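1. coordinates only, sequence not included:
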Ligand code: ZN
């Protein structure tokens, strides 16, 4: 990666880390889950409101985490708003592949613009421990959709 691109990515991550979007609980979420990343100490909650058609109407998060996990949660809550669940799922599959350096298997229905925005976090693939920081919000969001509770990155492969 070129240094100026790396700086730009760094700037976006720091900005989201310092001024997270959609931060704070939702008054009446339809889905909630808690996510822990013990390796780093990241601990977040994800709040979702789904509409009658199964689209994400609203998404928020709160908790404490490093700049990467906070930036990832901030971007995720922004990006999934308005999306149907199958697209959200496809995006997570593609994002997870990007973070772990397996970019070849992209689902058909993935939103390429959204994936491009998430590219700023793809630098974590060089730092395996940081992959868990970047994917924590997504694992937590998935847990919320599957009925809530707590998810821990310790159980991730
Ligand atoms: Zn972290």
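-> Looks like it arrived, so ask away. Bear in mind that the values here come from a model prediction, so they are computed numbers and not experimental data.

2. SS state for residue 48?
-> strand (DSSP: H, G, I helix; E, B strand; the rest coil).

3. start the count at 5, not 1, going forward
-> Sure, I'll start numbering at 5, so the last one becomes residue 52.

4. can you give me phi and psi for the nearest residue to it once chain neighbours are set aside?
-> Closest residue in space to residue 52, ignoring its immediate chain neighbours: residue 35 at 4.2 Å, by Cβ to Cβ, 6 or more residues apart in numbering. Heads up, the C-betas are built off the backbone N, CA and C, glycines and all. For residue 35, the backbone dihedrals (degrees, to the nearest 10) come out as phi -140, psi 130.

5. pretty sure residue 35 contacts residue 54?
-> Yes: with contact defined as Cβ atoms under 8 Å, residue 35 reaches residue 54; the gap is 6.5 Å.

6. sorry, back to before: quick one: contacts for the residue nearest to residue 52?
-> 51, 52, 53, 54, 148, 149, 152 (Cβ atoms under 8 Å, 6 or more residues apart in numbering).

7. Check what pLDDT the first one gets.
-> The reference is to residue 51. pLDDT for residue 51: 98.

8. Could you identify the helix or strand that succeeds the helix or strand bottoming out on mean pLDDT in the chain?
-> Of all helical and strand segments in the chain, the minimum by mean pLDDT, DSSP states H and E falls on helix 7-22, at a mean of 83. Next helix or strand after helix 7-22 toward the C-terminus (DSSP states H and E): strand 35-41.

9. All set now, cheers.
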